[in-house]
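Need a 3D model of the sequence below.
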Amino acid sequence: MEILRDAFNNTAKVSVVVMHVDLTGATELKTSSAEVSWLPTFGWFFDQVTESVTRNGGTVCKYLSSGVIATFPVVQAAQAINAAIAIQERLREAKRDNTYLCNCSVGITTGKVVPFVNGQQQDFIGTSVDQVERLALGGSPGAVFVDEETVSAANMMEVFSIYGNAVSREGRGYLGAPQKLPNAGSSIDYREVLWDAQPFGVKSSMVTDMTAPQGQAPTPPPPAVRPARGNEQDPWVVGRVTRWDSVKGSGFASGRNGGTYYLHRDNLVRGVVDLAPGDEVFFLAEPQPDGGRNPRANVTVPLGALLDVELLRVREKYGFLDARDGKGFRRDLFVDLGPDAPLNYRVGQVLRIRVGSNPKGPVGLVQVDEQRVAS
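Below you'll find the predicted structure:
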C-alpha cells in the first residue's frame, strides 16, 4: 500500500481518453452454463476488443471478469470512438453468422487521471475512470455512450461506421441529442454515438434526461427495433391498396387472404413515403386487434419500389436484406445475388434494389448501375 500511496503522491495527472467495454449478461452466462460453453465466447470477445483497440491506437489497461478497460491519447479521441464502433459491428456480424452470440455496451470519457504501475501493468485512477464505468453499465446492448469532454476532444469528421457511410452520415451526424445519466447524486452529460440505423438507448432500469439548447425541444430517439407483433419471419401477406389518402398518410389494403388491413405511412418500409390505390403490396399482418378495428399492415413493401437496403446475410446465390418500417418493425427481405455471391457482396453493404416477387413474397432485384456499396 505504501508503494501505491507514494506513486499517487509523486505522479502528476495526465489527460487521457478512457474506454470501458462491458460484456452484457456475463454473470448470467457463466452461472447458467458450463465453462466449456462460455469460455470460447469470452475468449473471442476479448480478442475482438483488444484488436479493435490496438488497431485504433489505444492500449488495453486491464481485463475484467466481464469487460475491458482501455486508454487512448486525447488527440485520438475520434479513434477511440471508431474502436467502439468496430467492436459493436464485429459482434453484430458474428451474431448474424451464428458464430458467437454476445452483446456489449461501451462507455468513453475524457479527463485528467492519475497513472500508476501496479506490478508491471500501468493503470489509472480518477473521476473519468469512475464515470466511464457508469456510462458502460447504463447503456443497452449495442450502445456506445461518450461524455461531452470526449465530444469536444474528438474530430468527429474522422468517425466512421459501415451503416453511417452507407447513408452518408458524417461529423456530428454521428451524435445523438445531449442527455444526462444519473451518477451518485449528480449526473454525467453524455451523447450516444449513432453508429447504426437507430440508437440503442439506456437500460430499462436507468433514467436519463434529454437536454437541449434553450428554446429548442429535444429530439426523441427513434423506436427500438422490434419484430412485427409476433414472429418476424411470419409469411408475407400479398394485398392491394384499395384506398389511400396522401395528405393523412393512411388508407386500407385488401389481402388475397380475404382480410382488410389498415395502412399507415409510418409502417411503410423505409425509403417509401407514399402509395396509390391499385398498388400491389407485401406486408406482415398484425393480429386482429380488440374493438373490431382492422389489423395493421406492418413493414409494407410496394411491388416495383426502388429501395436502398442493408445486406444482412450472404449465401452462395442469394442473401437477405434488413427491411424495416418507420415504427421499427422488421422482416428479412430475400435478394437474388447471382452466382458467386460471397465473392461479390459482403455483410453491411447497402444495395439498391427493385422489388419484384415470387410465390413466397417480395424479392429484391439488385440494380447494378444504381447500386450503392459501403466501402
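
Can you give me the buried ones in the host helix or strand of Arg92?
Using DSSP states H and E, Arg92 falls within helix 77-96. For helix 77-96, burial by neighbour count (16 or more other Cβ atoms under 10 Å) applies to 77-94, 96. In short, each C-beta sits where N, CA and C put it, glycine included.

Stretch 325-345 too?
Result for stretch 325-345 [16+ other Cβ under 10 Å]: buried residues 325-331, 333-335, 337, 341, 345.

Which members of the residues you listed occur in strands, if any?
Phe329, Arg330, Arg331, Leu333, Phe334, Val335 (DSSP state E).

What is the nearest of these to Gly164?
Arg330 (19.0 Å; Cβ to Cβ).

quick one: that closest one from Asn267, how far?
11 Å (Cβ to Cβ, to the nearest Å).

Repeat that for Gln179.
28 Å.

re earlier: just flag the most distant two among the buried residues of stretch 325-345.
Greatest spatial distance among the buried residues of stretch 325-345 (Cβ to Cβ): Lys327 and Ala341, at 30.7 Å.

quick revisit: please identify which of the buried residues of stretch 325-345 is nearest to Leu137.
Looking across these and measuring by Cβ to Cβ, the closest to Leu137 is Gly328, at 24.6 Å.

Please tell me I have it right and that closest one contacts Ala197.
No. Assessed by Cβ atoms under 8 Å, Gly328 is found out of contact with Ala197, at 9.5 Å.

Show me what the strand ranked longest in the chain is packed up against.
Secondary structure assigned by DSSP E gives strand 104-118 as the longest strand of the chain. On a contact count with 3 or more Cβ pairs under 8 Å, 6 or more residues apart in numbering; DSSP states H and E, strand 104-118 meets helix 2-10, strand 14-23, helix 77-96, strand 121-125, helix 127-138, strand 144-147, helix 148-153.

so where's the stretch 1-150 of the chain shaky on pLDDT?
The model of the stretch 1-150 of the chain has pLDDT under 70 over residues 1-11, 32-33, 36, 116-123.

Quick one: residues contacting the most centrally placed residue in the chain.
The geometric centre of the chain, computed from its C-alpha atoms, lies nearest to Asp196 (Cα atoms, centre = their mean), at 3.9 Å. Shown in contact with Asp196 (Cβ atoms under 8 Å, 6 or more residues apart in numbering): Gln88, Arg92, Gly142, Ser161, Tyr163.

where does it land in three-state SS?
coil (DSSP: H, G, I helix; E, B strand; the rest coil).

Any chance of the backbone angles for it?
phi -120, psi -170 (degrees, to the nearest 10).

Tell me how far it lies from Phe45.
19 Å.

go on, Ser168?
Ser168 is 31 Å from Phe45, where distance means Cβ to Cβ.

So for these two, which sits in the more crowded spot?
Phe45 (24 against 8; other Cβ atoms under 10 Å).

you'd agree the more buried one is up against Cys102?
Yes. With contact defined as Cβ under 8 Å, Phe45 reaches Cys102; the gap is 5.5 Å.

any shared contact partners between those two?
Leu23, Leu91.

Contacts only, for the residue nearest to Gln349 when sequence neighbours are not counted.
Closest residue to Gln349 apart from its sequence neighbours, by Cβ to Cβ, 6 or more residues apart in numbering: Leu311 at 4.6 Å. Counting by Cβ under 8 Å, 6+ apart, Leu311 makes contact with Gly319, Phe320, Leu321, Asp322, Val335, Tyr345, Arg346, Val347, Gly348, Gln349, Val350, Leu351.
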